[in-house]
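1. the following comprises the amino acid sequence and a computationally predicted model.
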Amino acid sequence: MREGLYNTFIEAGAIVTNPSCALCTIGHPGVLAEGDVTMSTSNRNFPGKIGKGGEIYLCSPPTAAASALYGEITDPRGV
């Protein structure tokens, strides 16, 4: 947040939430619709986990941050 990256993510349309179990119970504001794609730092993925028809990619927090900055799945080691 000190570097101003939070504002960069929000302006790009990111949804930033607190860590919780909401994704596992579909009690989350970011439920996926058909064609939506997300990267998640959670430890589980299964069909319909956070909505029907969306694509979920599991990744590490550094990969999520690098990918958010570049707008595509990005290896954080090169950032």
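-> That came through, no problem. All of these numbers come straight from a predicted model, not from anything done at the bench.
2. so Asp36 sits against Gly54, correct?
-> Yes - when contacts are counted by CB atoms under 8 Å, Asp36 is listed as touching Gly54 (4.1 Å). C-betas here are computed from N, CA, C, even on glycine.
3. which one of the two has more residues nearby?
-> Gly54 (17 against 14; other CB atoms under 10 Å).
4. who does the longest helix seen in the chain touch, helix- and strand-wise?
-> Taking DSSP state H as the criterion, the chain has its longest helix at helix 61-70. Judged by 3 or more CB pairs under 8 Å, 6 or more residues apart in numbering; DSSP states H and E, helix 61-70 is in contact with helix 5-11, strand 37-40.
5. low pLDDT regions in this protein?
-> Scanning the chain for pLDDT under 70 picks out 1, 22-30.
6. so what's the residue nearest the centre of it up against?
-> The chain has Met39 as the residue nearest its centroid, 3.8 Å off, counting by CA atoms, centre = their mean. When contacts are counted by CB atoms under 8 Å, 6 or more residues apart in numbering, Met39 touches Ile56, Tyr57, Leu58, Cys59, Thr63, Ala64, Ser67, Ala68, Ile73.
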